[in-house]
Each structure stands twice: as C-alpha cells, then as structure tokens.
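**Student:** Let's see this in three dimensions:
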Amino acid sequence: MANNPVTNLFKVPELKDKILFTLYMLLIYRIGAHLTVPGLDVAALKQQFGQLQGTFLGLYDMFVGGGLSRATVFALGIMPYISASIMFQLLAAVFPTVEKMQKEGEDGRMKLEQWTRYTTVGLSVVQAYGYSVFLQSLSGAVKEPGAMFVFTTVLTLTTGAVFVMWIGEQITDRGIGNGMSLLIFFSIMDSFPGAVGRTYDSFHTGQLTLFSLTMLLVVLVAVSGGVVAMTMAARKIPVQIPRKVVGRGRIREGQKSFVPLRVNSAGVMPIIFAQSFIVVPGTAAAFFHWPLLQEMSQIFAPRTTPYYITYGILIIFFTYFYTAIIFNPIDLAENLKKQGGFVPGVKPGTRTAEYIDRVLTRVTLPGAIYLALIALIPFWILSIFNITTFYFGGTSLLIVVGVGLDTVQQAQQLLLLRHYDGFMKKGRVKMRGRQRYM
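**Tutor:** From the prediction side, this is the model:
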C-alpha cells in the first residue's frame, strides 16, 4: 500500500515543526485581518466601499483578503513590502549601485533587504495617511473625523504593515518558505468559501443553471491545468563544458547541461502592472467627478471591448518589459564564458548573449499571449453565462497555482533531503561496523 504524501509530511519532525509554525503564523495573520481600526462604522464602510469594485482599491482589497474594505489593522497587508521589493528590482536596471549590491552575495543581499524594510515603513506611512483621508471622505464611515483619527489610523495601519512583514519573514526563515507569497495566497483564498456558498445558493434557487455551473467548473479546471503547464514549461538551451585540467594533472571530464528559459519568466507581475493601469480611469472617476473622466471610465469599464483589447495589449507589453528587467542575457553569457562553457555552434561572449536574447524574445511571445488569455478568459466566461456570485481572475489564479506549486516543491525537497540524510547516516553506521571487524 502506497504511503500517503500528507501523512509523510508529518512523519518528519523538522518538516512537521515548519508546517505547524507556518499555520500558527497564518492564523495570527487572519485574526488580525478581522480587527477593525478604531472609530469606524463598519456597516457604512462596506456599503460605500462596494461601489469601488473595479477600481485600484478593489484590486488592492483582493490582495489583502478584504482587509481594506473592512478597514482592519492589517488593511495594508504585505503590499507595501511587495511594492518596495519591486521598486528595488526596477531601480537595479537604472542605478548601478543597486545592481552591484544584488551581485555582492550575502552582504549585499542583507543590505538591500534592510533598505527594503525602511522603504516599506515609508510606503506604509504614505498609504496609511492616504487611506485615512479617503475614509473621512466617505459619509458616515468615520464616527469622529479629525486629526486624531488620522494619527491613530496611520499609526495602527503602519504598525500592522510592519508586523505583517515580520510574519512573512518568519515564515520564510522558520516555516516552509515563501512567506510573502503565502500571505497573499491565503488572502486571496479567504473569499473562496463565501463565493462557493453564494454560487450554491444561486444554483439551489434556480438563478444559475446546471449547464452554467458545469461550464464554470470545466473552465476553472482547464485554466488551472493550463496555468500549471505553462508555469513549468521552459525552453532548454544546451550548454557544453569542455574537459579541463584541474590541479596536478587531474582531468575534469566534460559535461553537458542546459539553461532553462521559462515561457513565463515574468510570472504574475505583467497582469498586476496591467491591472494597475487599466483601473486608473475608474479610480480617478470615483474621486473626481469630471465629465471627461466619467466618459473614459465608461469606455474602459470592465466587460467592454475597449477594456479587453487594452488590457491584453498592456499584459503583452509588460511581459516583455518585466522579462527584460529580471533577465540579463549579457550577464548569463559572461558567466558561461568564465566557467568555460559555451552553447554548441555559437561563439562565447557577445554572440552567445545575442543568441540567448533572440531565443528569449521568441519564447516570451507565447508566454505573453498565454498571460493575456489567462487574464481574459475568466472575464469572458463570467460574462457569457452571467455569473455574478463567483469571481476568479487571472491574477488570483496565477498566484494561487504558482504559490501552491512552489510550496509543494519545497516540501518535496525537504522530504528528499531528509531521506538523503538518513541514507548517509546508515552508510556511516555500516562503515563503522566494517571498520570494527577489520
């Protein structure tokens, strides 16, 4: 009888402790995501915040598990830290100092991490102040508006954001890893049970037909399978490392390897960037009632043709843009040259960099189209079958599947490491036994 993989996870003491610690940290995070900031009328806030779906605030609210619409102490979530990390990634492409720190090893990484923390605090203060002013603009949401409310809200939300950052770092260091990603994962999954319940009620009352429900499930499974396949798909560039003399006449045999270029190197970032731009007209129209902005918000409203076309073009553009930032063919070619490796049929150095860049450009195109389809197909399905109780977007789906795959792979690596350590210990015991009788 085959062993149950879930049971095996808890048979390893180290892995069991990591999983339990991660669950404990996530429990604290979800409890804090339901504690409201003092001085608010939650019912009035929810009623008015519902009108802002489809704006930037609605997008932000998805990443923090509804904490923004409920104005909880963790309303900012992990997003200030994510924004700070992305900021330094973009700065590395512009400022050589930041790029040098990324390449300095552990010391440079620690220094850059410290800068990211300081930037997170600064962004949290700015976002908390803007959110407190926004809350005061909602009629009836704040019981006693004024400077004192702004001060307490900024202090509470900033402290909450820093605490969430600490939780993410603890999960990364002492848990099963991917702390920041897991926080976003569970924030997105927070709305899933409620959506399933509303969908069941709609089907039970006859508002949703059996055919529509079946199509929803089929598309959900098919899109999830496509996300898994495309997330793991890669173009392998063969690399040859020739024979080399090492030390006193020792010869290191030649090796054949490959450099994997992922079809989706940019991950979910292009969709996040595209959504941040596409919701600008709706967000601006919600705050400024100008005729031009109102007209633009209607043109680029969700589930309209201009919205779909613009959204798809933005995703393709940002896929190339972000891939160019995070992947440097020149550095890869230089590293291969230093190691003595080369791509068969291509000269080392500049020619190798040009070859890798050409292959990457070709591979990125299907990845960009795939991202655009993943983002748009859910909109089309929900619109065709008029499903309003269940929402799954490309961003949330990619994050959920991607983080799930990474977490499973890390758990498997820990299990393999445990088995490898056990094998080595048995080998050492056998060697001692043989030496004892020799």
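**Student:** which element follows the helix or strand containing residue 159 toward the C-terminus?
**Tutor:** Element membership for residue 159 (DSSP states H and E) is helix 147-174. Sequence-wise, the next helix or strand downstream of helix 147-174 (DSSP H and E) is helix 179-189.
**Student:** Return the set of buried residues in that next one.
**Tutor:** Using 16 or more other CB atoms under 10 Å as the test for burial, helix 179-189 gives 179, 180, 181, 182, 183, 184, 185, 186, 187, 188. For glycine as for every other residue, the C-beta is placed from the backbone atoms N, C-alpha and C.
**Student:** now the angle from that helix to helix 147-174?
**Tutor:** 120 degrees (axes from the mean of the first three to the mean of the last three CA atoms, to 10 degrees).
**Student:** Point out where the stretch 201-350 of the chain drops to low pLDDT.
**Tutor:** By pLDDT under 70, the weakly predicted segments of the stretch 201-350 of the chain are 243-255, 282-288, 302.
**Student:** Tell me which other helices or strands the helix or strand hosting residue 229 touches.
**Tutor:** Assigned by DSSP H and E, residue 229 falls within helix 210-232. When contacts are defined as 3 or more CB pairs under 8 Å, 6 or more residues apart in numbering; DSSP states H and E, helix 210-232 sits against helix 192-205, helix 350-384, helix 394-436.
**Student:** Minimum distance to residue 128: which of those helices has it?
**Tutor:** Closest of the helices and strands packed on helix 210-232 to residue 128 is helix 394-436, at 23.8 Å (criterion: CB to CB).
**Student:** And the average pLDDT for that closest one is what?
**Tutor:** For helix 394-436, the mean per-residue pLDDT is 64.
**Student:** Please state the offset of the helix holding residue 159 from the chain centre?
**Tutor:** Its chain's C-alpha centre and that of helix 147-174 lie 20 Å apart, by CA atoms, centre = their mean, to the nearest Å.
**Student:** returning to that earlier point: could you dump the helices and strands packed on helix 210-232 to JSON lines with distance to residue 330?
**Tutor:** Listed next are these as JSON lines, based on distance: least, CB to CB, whole Å:
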{"stretch": "helix 192-205", "distance to residue 330": "43"}
{"stretch": "helix 350-384", "distance to residue 330": "5"}
{"stretch": "helix 394-436", "distance to residue 330": "28"}
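**Student:** what sits up against stretch 227-237?
**Tutor:** Residues outside stretch 227-237 that contact it (CB atoms under 8 Å, 6 or more residues apart in numbering) are 258-264, 343, 356, 359, 363, 367, 370, 374, 397-398, 401-402, 405.
**Student:** can you rerun that using 7 Å?
**Tutor:** Stretch 227-237 has contacts (CB atoms under 7 Å, 6 or more residues apart in numbering) with 258-264, 343, 356, 359, 363, 370, 374, 397-398, 401-402, 405.
**Student:** What remains of the residues you listed if I keep only buried residues?
**Tutor:** Applying 16+ other CB under 10 Å to the contacts of stretch 227-237 flags 259, 261-264, 343, 356, 359, 363, 370, 374, 397-398, 401-402 as buried.
**Student:** so which pair among those residues is furthest apart in space?
**Tutor:** So, the buried ones among the contacts of stretch 227-237 by CB to CB: farthest apart are 343 and 397, at 35.2 Å.
**Student:** residue ranges for the helices of the stretch 201-350 of the chain, please.
**Tutor:** In the stretch 201-350 of the chain, the helices defined using DSSP state H, counting those that start in this stretch lie at 210-232, 269-278, 280-287, 291-299, 305-326, 329-338, 350-384.
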